[in-house]
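1. take a look and give me a structure for this.
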Amino acid sequence: MEELTKAEERIMQVLWKLQTAFVKDIIDELDEEPKPPYNTISSIVRLLEKKGYVSYKAYGKTYEYFPAISKEDYAKTTFTKLFSGYFDNSPASLLSFMVKEEKLSAEDIAELTALINKNKNQDGTI
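-> Okay, here's the model as predicted:
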């Protein structure tokens, strides 16, 4: 699966939220001001379609777009690349990073501990 640019990912976030949308709907949903030009968003959506992230239904010369990949599948693929590329597939490295960056609260750590204990096998593996 080809990686997305930030602009493409932003458009995918909108499509995952709306489920189906015309280019105008995508533009309306974007938070930025001034709104990006129609042709810019249309070009990004067509690139997403070529990459296999978006499909469409044609109504004459008008196209209604929808995600061809779920947000969950994209998150899984993206996280796997991040996890292997930056943390060497080490959960300890990931958690250590999150603790050092103060991204985990005491409540988060308690939840993770409970989850680990709940899923622990008799031999100690998860």
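
2. hey, let's count contacts and neighbours off CA atoms from now on
-> Will do.

3. work out for me the element residue 40 sits within.
-> helix 38-51 (DSSP states H and E).

4. what's downstream of that helix, the next helix or strand?
-> In N-to-C order, the element after helix 38-51 by DSSP H and E is strand 54-59.

5. name the helices or strands packed onto the helix or strand of the chain with the lowest mean pLDDT?
-> Least confident helix or strand, the chain: helix 91-100 with a mean of 85, by mean pLDDT, DSSP states H and E. Judged by 3 or more Cα pairs under 8 Å, 6 or more residues apart in numbering; DSSP states H and E, helix 91-100 is in contact with helix 71-87.

6. which residues touch the helix it packs on?
-> Residues outside helix 71-87 that contact it (Cα atoms under 8 Å, 6 or more residues apart in numbering) are 16, 89-90, 93-94.

7. try it again at 7 Å.
-> For helix 71-87, the surrounding residues in contact (Cα atoms under 7 Å, 6 or more residues apart in numbering) are 16, 89, 93-94.

8. go on, stretch 36-49?
-> Taking Cα under 7 Å, 6+ apart as the rule, stretch 36-49 contacts 8, 23, 54-55.
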